[in-house]
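Visitor: this one's sequence-less:
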């Protein structure tokens, strides 16, 4: 028998459909209705060979934290790219970009 797992994202919107609150649950991971300030979700559609995206953030997400979030996401994507493709040369180039990104945003001291 195959196991099934579910991740839920609940979005509370204001009157203009702008996210005010993001809550997520992943019971297998021990997460139950935890608050988040942003979520980036990418899904590969094999039929159309396109990436489908959901990019949401709450209106009270601080810009300085958004910059850190993006940097950490880029670093994680670099790691995932290297593990998924084995392309160490491109992963190194992506790492260089992540370092440049952090430097320009003054994220690293």
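Guide: Good, I have the coordinates. Worth saying up front: this structure is predicted, and the values here are computed from it rather than measured. Numbering: from 1, shown residues only.
Visitor: could you find the closest non-adjacent residue to residue 28?
Guide: Leaving aside its chain neighbours, residue 28 sits nearest to residue 5 (4.8 Å; criterion: CB to CB, 6 or more residues apart in numbering). Every residue, glycine included, has its C-beta placed from N, CA and C.
Visitor: wait, what's in contact with the one you found?
Guide: 26, 27, 28 (CB atoms under 8 Å, 6 or more residues apart in numbering).
Visitor: repeat that for residue 85.
Guide: residue 91.
Visitor: shouldn't the residue nearest to residue 28 be within a strand?
Guide: No - counting by DSSP: H, G, I helix; E, B strand; the rest coil, one finds residue 5 to be coil, located in no strand.
Visitor: which phi and psi does it have?
Guide: phi -140, psi 150 (degrees, to the nearest 10).
Visitor: after the top helix by length along the chain comes which helix or strand?
Guide: Counting by DSSP state H, the longest helix found in the chain is helix 63-85. Once helix 63-85 ends, the next helix or strand along the chain (criterion: DSSP states H and E) is helix 88-104.
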